[in-house]
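> Sequence first, predicted model second:
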Amino acid sequence: GSTRIVEQGREEVEITVDEEYIRRSIYDPKADVVKGYNSGLMLSYRGMVTDEEVDLIIEYLKSLE
């Protein structure tokens with residue numbers, strides 16, 4: 001539920017860190033790069049993890065709040 005400034009292409013946008021953002025970051029990590037981090041540091045996990053596994057990752061991250 002926190003917010004972050006991300007770079008979407010050449011534009012800076014404030015987003016809410018939610019389930020959709022985490023899922024997108026796992027499957028398409030270059031879509032929204034948090035300001036201050038370099039694009040391309042994380043590779044896509046598309047095809048490597050299932051949707052169910054991503055759901056489990058999200059539930060784990062929620063438990064850390």
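Thanks, I have it.
> Residue 58 touches residue 23, doesn't it?
Yes: the criterion here is CB atoms under 8 Å, and residue 58 meets it with residue 23 at 7.2 Å. C-beta here means a position set from N, CA and C on the backbone, and glycine is covered the same way.
> Show the contacting residues for the residue of the chain most remote from its centre.
Distance from the centre of the chain peaks at residue 10, with 17.8 Å (CA atoms, centre = their mean). Neighbouring residues of residue 10 by CB atoms under 8 Å, 6 or more residues apart in numbering: there are none.
> go on, residue 44?
Neighbours of residue 44 in contact, by CB under 8 Å, 6+ apart: 26, 27, 28, 29.
> Quick check: the third one vs residue 64, distance?
According to CB to CB, to the nearest Å, residue 28 stands 23 Å off from residue 64.
> which one of those two has more residues nearby?
Set residue 28 next to residue 64 and count neighbours by other CB atoms under 10 Å: residue 28 wins out with 12 against 5.
> where exactly do the helices run in this protein?
Taking DSSP state H, the helices of the chain run over residues 19-27, 51-63.
> Now residue 22: closest residue in space that isn't a chain neighbour?
Using CB to CB, 6 or more residues apart in numbering and skipping residues adjacent in sequence, the residue nearest residue 22 is residue 58, 5.4 Å away.
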